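Student: Structure, please.
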Amino acid sequence: MEPLPFRNGPPTFTVGLRPIPAAHWLTPDDQAASLTAKADLLDREGPAVLAAVAGSEAGQAEVAALLGAALGSPAPDFAAASRLVSDDLCLMQRRAAGWTLTAASLCSPTYFRLDHAIGKTLDELHGPVPGGAMLASRIARVFDGLRDGLVLERFNWTVQAGPERFTPSRKPLHERAQAAALQEARDLLHLRVERQTIRRLPQTGGVLFTIRIRLAPLAGLLADRSDAQAFAAAWARASEDARGYKGWAVYDRLVAALCTEIGVHPPERLEDRP
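Tutor: Next up is the predicted model:
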């Protein structure tokens, strides 16, 4: 898994999928240490992290069978399959209104809630995203054209204040960042990377969308000067749409402090220059 996607520049709102070998789909699970915490969350939160709509049962069963076969550990149902991997599992099925989220295990949401997402179409899910309507349309075409056995992968990233994986709201993280002293930046800032995959379910025609979260202290990832420079450049060059959607303004002073501490020129956006 690619650990530092900022090497490729700032976040963009594009499909950005690439094919990978099916054998690399869910293994190795480099976040498997989180499975105990995930199981505890499923037991504790219930419907907040595991939900489905009527008519999705056959798709759920196919997801369970597909994961069980891939991991060599049979799963009797969708809920049991969700406990086998650190990835969140999202079942998309084509309905009259379009591709719809019909079942999901969502234990590491990046600032959205499952009860707000379940049963929504791609258009509705991407409504808050800059250029969301166009992006949803492109994703729908990808879903329509998926062939059996093909696995597609993409990465997304952001920065957050702390190591929490279960983050249905960004508000607590932003409040923590606003209250933090500059000298806390090294310990507080974490890089949050989403590794996303999609593959077609050949029997029911649905699509399984997986999300695996990797969290690590940002300072440790920037020990190499070239990586630190790449991060600073990506942060500075991010579009206003991307910054606004990801809520990066609250982190600017902490990111600048960390960059200064590790000996890299703090990110300087064009509009901030004299």
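Student: Now do the contacts for Leu67.
Tutor: By C-beta atoms under 8 Å, 6 or more residues apart in numbering, Leu67 lies in contact with 26, 75, 81, 84-85, 89. Any C-beta I mention is one placed from the backbone N, CA and C, and that applies to glycine too.
Student: and if you look at Asp87?
Tutor: Asp87 makes contact with 26, 29, 197, 210-212, according to C-beta under 8 Å, 6+ apart.
Student: Dig out what the spatially closest residue to Ser82 that is not a sequence neighbour forms beta bridges with.
Tutor: Counting by C-beta to C-beta, 6 or more residues apart in numbering, Ser82 lies nearest to Ser105, which is 3.4 Å off, once chain neighbours are set aside. Counting by DSSP bridges, Ser105 is bridged to Leu50, Leu89.
Student: and Ser105, how many residues sit next to it?
Tutor: 26 (other C-beta atoms under 10 Å).
Student: Ala79 is in contact with that one, correct?
Tutor: Yes: assessed by C-beta atoms under 8 Å, Ser105 is found in contact with Ala79 at 7.2 Å.
Student: in this structure, which spans are helices?
Tutor: For the chain, helices defined by DSSP state H occupy the ranges 35-45, 57-71, 78-82, 114-117, 122-125, 132-145, 171-179, 185-188, 218-221, 225-237, 240-246, 252-261.
Student: Looking at these, which is nearest to Val151?
Tutor: helix 57-71 (10.1 Å; C-beta to C-beta).
Student: buried sites along the closest one?
Tutor: Neighbour-count burial for helix 57-71, counted by 16 or more other C-beta atoms under 10 Å, picks out 59-68, 70-71.
Student: now swap in stretch 151-170 and tell me
Tutor: 151-153, 155-162, 165, 167-168, 170.
Student: Between the two ends of that stretch, what distance do you get?
Tutor: The first and last residues of stretch 151-170 sit 30 Å apart, counting by C-alpha to C-alpha, to the nearest Å.
Student: Could you tell me how many residues sit around the spatially closest residue to Leu218 that is not a sequence neighbour?
Tutor: Among residues not flanking Leu218 along the chain, Leu189 sits closest, at 4.2 Å (C-beta to C-beta, 6+ apart). Residues lying near Leu189 (other C-beta under 10 Å) number 23.
Student: Flag the shaky bits of the stretch 151-274 of the chain, pLDDT-wise.
Tutor: 269-274 (pLDDT under 70).
Student: Grab the most central residue of the protein for me.
Tutor: In the chain, the residue lying closest to the centroid (C-alpha atoms, centre = their mean) is Glu194, at 3.3 Å.
Student: For that one, name its beta-bridge partners.
Tutor: With DSSP bridges as the rule, Glu194 is bridged to Asn156, Ile213.
Student: Return the distance of it relative to Pro5.
Tutor: 9 Å (C-beta to C-beta, to the nearest Å).
Student: Now list whatever residues contact both of the two.
Tutor: Between them, Glu194 and Pro5 share the contacting residues 155-157, judged by C-beta under 8 Å, 6+ apart.
Student: before we move on, the earlier item: how about the contacts of Leu67 in a markdown table, adding pLDDT?
Tutor: Shown next, in a markdown table, are these (pLDDT from 0 to 100):
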| residue | pLDDT |
| --- | --- |
| Leu26 | 94 |
| Ala75 | 96 |
| Ala81 | 97 |
| Leu84 | 95 |
| Val85 | 95 |
| Leu89 | 98 |
